[in-house]
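**Q** All I have is the shape, not the residue letters:
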């Protein structure tokens, strides 16, 4: 597999819908390892394969704090099968929209079913930051960015700032 790199908005690949993984194999595990490497280097707490230009239903997450050992989760073909009725508003950011944050409301708890990196079916109920992170990354699988949950005015302001920053980097 070629070297992976993080893509940033407004790259049109971020709006693609990801397709299910057909086979969990060594190539997929290498993808997961590369995604974790990029996520940790960024640093971030979650990454979807589409953020490295791979339109497959693969998510990596690690919400361990700096003083805790890493606890990476690999979610392959995840399905959110339950949401709590209670919502929570929290600030969200995204590695593909660097240095931009917004208050987003999402369900407080979720249950997700997925395959692990060995192809075994798993189920996990998550709350707090883990729930938030899984929902955020799950949105990426459908081409949804956190700014898509904002008003058109706020979303366009953030996207314009990203385009301007990209132009400044290119001319530097």
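**A** Ah, there it is. No experiment lies behind these values; they were computed from the predicted model shown.
**Q** In which helix or strand does the residue most central in space within the chain reside?
**A** Centroid-nearest residue in the chain, with CA atoms, centre = their mean: residue 137, separated by 3.0 Å. For residue 137, the element it lies in under DSSP states H and E is helix 128-141.
**Q** Show me what that helix is packed up against.
**A** Here helix 128-141 touches strand 46-48, strand 58-61, strand 73-83, strand 87-94, strand 97-107, strand 109-115, going by 3 or more CB pairs under 8 Å, 6 or more residues apart in numbering; DSSP states H and E. Where you see a C-beta, it was placed from the backbone N, CA and C, and this is true even at glycine.
**Q** Just put those strands in a markdown table and tack on mean pLDDT and distance to residue 132.
**A** Output for the helices and strands packed on helix 128-141, formatted as a markdown table (pLDDT from 0 to 100; distance: least, CB to CB, whole Å):
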| stretch | mean pLDDT | distance to residue 132 |
| --- | --- | --- |
| strand 46-48 | 98 | 9 |
| strand 58-61 | 98 | 10 |
| strand 73-83 | 98 | 12 |
| strand 87-94 | 96 | 6 |
| strand 97-107 | 96 | 6 |
| strand 109-115 | 98 | 9 |
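**Q** Would you mind putting those into a markdown table with distance to residue 126 alongside?
**A** Formatted as a markdown table, the helices and strands packed on helix 128-141 follow (distance: least, CB to CB, whole Å):
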| stretch | distance to residue 126 |
| --- | --- |
| strand 46-48 | 12 |
| strand 58-61 | 9 |
| strand 73-83 | 9 |
| strand 87-94 | 12 |
| strand 97-107 | 10 |
| strand 109-115 | 6 |
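**Q** Was I right to think residue 13 contacts residue 53?
**A** Yes: if you go by CB atoms under 8 Å, residue 13 and residue 53 touch, sitting 5.7 Å apart.
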